[in-house]
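*Asks:* next comes the sequence, and after it the predicted model I'd like to discuss.
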Amino acid sequence: MANVMASCSAFGIQTGYCAAMDAPITARVCSALAESLDRDSETGRRVLDWAGEPVAVALALRLVGGLHALHRAGVDPELSAVFAGVETDPARIVAILKATLVAQDAALLPWLEGPPQTNEAARSAGMMTGILHLAERYGPRFEVLEIGSSAGLNLLIDRYRFDLGGVNVGPSASPVTIHPEWRGAPPPGPPVEIESTRGVDIHPVDVADPAAAARLEAYVWVDAVERQARLAAAIAMVRKGGVDLVEGDAADWVEARLAEPQPDGVTRALMHSVVWQYLPATSRERIRVAMDAAGARATVERPLGWVMMEPNRDLHRHEVRVRGWPGERAMELVALTHAHGAWVEGLSAPYETRDYVMRRGAYEKD
């Protein structure tokens, strides 16, 4: 019974998140799913009997992604009426979703197997904000290491054009310009030269495969028309120029990359966005230990940085934090951001977060 209540509650929680992020159609779907779930389908039984913590693994968004994929494939006009925003009656939406869970059971089941790949290019705005803070300390040249890279869209951070509160970074001729609504204090404005980007994911998404690209597109909420267009452009960039993305364990990969020789005058920066919560506690601890050890070896000639954009589930917000070595400054909160990069709020003064990171496991309880 506890599992059933937790699973249904997860859809209610996701409804609130969607409503807060101006996604009314997806909010209606999540709200209706909380009432639609029953044991008439294997999908319903799997969700209701979910053994883990459903919010942490984004269970609601797994199922919503599968339903969105069915809409995009045009398999059911009534389901498409829901996702097109034509059908808005709550009782009718519940009935449609109940029927869909049974009729499309086999198609929906695989969507429960893994977390959603919500690889969003605009999240690079938050991470570039963090890099600007590090560039102000250590200079313009960077090599970027990303964990949880998914399809590698944020590994294009060196190829995107950014307008961050009037601070412009990146090639002016880029096919993708990331220009979030800027709030608060502007970021520092030093030059930035990203010399390389490399990434790892436990299950990388190869967007050269049309099926994989379609799956990625299904995870973008139907309300987010601008995100859908940006995703298509970013996928085209990956297909044209490629990214250095490998399959592997995040902790293993970070330890190996930090052990490699580092060029003089280049800051080695680890970055990640909406990834930390999906890593096992042991992996998070290994990465922290590896970064502390590498930080102790860092010099003015070979600096080390850490840039992260992760959700603070206690405060229901996404936060950009940075730390750099050498230096005695602890992890600092430098900006708040929309989960999908629609806006960024620069903070007038960075806030130290040493106790939160070390004791709370950075962004969630260990």
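*Replies:* Done, it's in. Since we're looking at a predicted model, the values are computed, not measured. Residues are numbered from 1 along each chain as shown.

*Asks:* alpha carbons only for contacts and neighbour counts from here, please
*Replies:* Fine.

*Asks:* these two touch, right, residue 134 and residue 324?
*Replies:* Yes. Using CA atoms under 8 Å, residue 134 is in contact with residue 324, at 6.7 Å.

*Asks:* joint contacts of these two?
*Replies:* Residues touching both residue 134 and residue 324 (CA atoms under 8 Å, 6 or more residues apart in numbering) are residue 305.

*Asks:* how about the helices in the stretch 201-350 of the chain?
*Replies:* Ranges of helices within the stretch 201-350 of the chain are 210-218, 225-241, 250-258, 281-297, based on DSSP state H, counting those that start in this stretch.

*Asks:* which among those is found nearest to residue 158?
*Replies:* helix 225-241 (11.8 Å; CA to CA).

*Asks:* now that closest one: mean pLDDT?
*Replies:* The pLDDT scores in helix 225-241 average 94.

*Asks:* residue nearest the centroid of this protein?
*Replies:* residue 274 (3.9 Å; CA atoms, centre = their mean).

*Asks:* go ahead and confirm it touches residue 309.
*Replies:* Yes. Between residue 274 and residue 309 there is a contact under CA under 8 Å: 6.4 Å.

*Asks:* so which bits of the host helix or strand of residue 183 are buried?
*Replies:* In the assignment (DSSP states H and E), residue 183 maps to strand 181-184. For strand 181-184, a neighbour-count test (16 or more other CA atoms under 10 Å) marks 182-183 as buried.

*Asks:* and stretch 186-205, by the same measure?
*Replies:* Under the neighbour-count criterion of 16+ other CA under 10 Å, stretch 186-205 has 186-190, 192, 194, 196-201, 203-205 buried.

*Asks:* got the end-to-end distance for that stretch?
*Replies:* Using CA to CA, to the nearest Å, the end-to-end distance of stretch 186-205 comes out at 34 Å.

*Asks:* avg pLDDT for it?
*Replies:* The model assigns stretch 186-205 a mean pLDDT of 96.

*Asks:* go on, stretch 5-19?
*Replies:* The model assigns stretch 5-19 a mean pLDDT of 88.

*Asks:* inside strands: which ones of the buried residues of stretch 186-205?
*Replies:* The strands, defined by DSSP state E, take in 194, 196-201 from the buried residues of stretch 186-205.

*Asks:* want to try JSON lines for those, with distance to residue 318 as columns?
*Replies:* Formatted as JSON lines, these follow (distance: CA to CA, whole Å):
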{"residue": "194", "distance to residue 318": "24"}
{"residue": "196", "distance to residue 318": "26"}
{"residue": "197", "distance to residue 318": "23"}
{"residue": "198", "distance to residue 318": "24"}
{"residue": "199", "distance to residue 318": "22"}
{"residue": "200", "distance to residue 318": "22"}
{"residue": "201", "distance to residue 318": "21"}
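
*Asks:* find the nearest non-adjacent residue to the residue nearest to the centre of the chain, please.
*Replies:* residue 310 (4.8 Å; CA to CA, 6 or more residues apart in numbering).

*Asks:* what pLDDT is listed against the one you found?
*Replies:* Note on residue 310: pLDDT of 95.

*Asks:* what's opposite it in the beta bridge?
*Replies:* Beta-bridge partners of residue 310, counted by DSSP bridges, are residue 319.

*Asks:* what about it, how many residues nearby?
*Replies:* Using other CA atoms under 10 Å, residue 310 has 24 neighbouring residues.

*Asks:* verify the stated contact: it with residue 276.
*Replies:* Yes. Judged on CA under 8 Å, residue 310 makes contact with residue 276 at a distance of 7.0 Å.

*Asks:* quick revisit: tell me the one among the buried residues of stretch 186-205 nearest to residue 76.
*Replies:* For the buried residues of stretch 186-205, the nearest to residue 76 is residue 205 (27.1 Å; CA to CA).

*Asks:* ok, that closest one - contacts?
*Replies:* Residue 205 makes contacts with 150-152, 212-213, as judged by CA under 8 Å, 6+ apart.

*Asks:* those residues: which two are farthest apart?
*Replies:* Based on CA to CA, the longest span within the contacts of residue 205 runs between 152 and 212 and measures 12.8 Å.

*Asks:* these two: which has the busier surroundings?
*Replies:* For residue 152 versus residue 212, neighbours defined as other CA under 10 Å are more numerous around residue 152 (31 against 15).

*Asks:* pLDDT score assigned to that one?
*Replies:* At residue 152, the model reports a pLDDT of 96.

*Asks:* now it: how far from residue 28?
*Replies:* Distance from residue 152 to residue 28, by CA to CA: 30 Å.

*Asks:* and residue 10, by the same measure?
*Replies:* Look at residue 10 and residue 28: by CA to CA, they are 14 Å apart.

*Asks:* likewise residue 43?
*Replies:* 19 Å.

*Asks:* ok so, going back, what sits against the residue nearest to residue 274?
*Replies:* Shown in contact with residue 310 (CA under 8 Å, 6+ apart): 272-276, 318-320, 363.

*Asks:* spatially nearest residue to the residue lying farthest from the centre of the chain (excluding sequence neighbours)?
*Replies:* Each residue of the chain has a distance to the centre, and by CA atoms, centre = their mean the biggest one is for residue 40: 32.9 Å. Once flanking residues are discounted, residue 40 sits nearest to residue 102: 6.6 Å by CA to CA, 6+ apart.

*Asks:* in what helix or strand does that neighbour lie?
*Replies:* Residue 102 is part of helix 90-103, with elements assigned from DSSP H and E.

*Asks:* and the next helix or strand past that helix?
*Replies:* Downstream of helix 90-103, the first helix or strand assigned by DSSP H and E is helix 105-108.

*Asks:* any idea how far that next one is from the chain center?
*Replies:* Distance of helix 105-108 from the chain centroid (CA atoms, centre = their mean, to the nearest Å) equals 26 Å.
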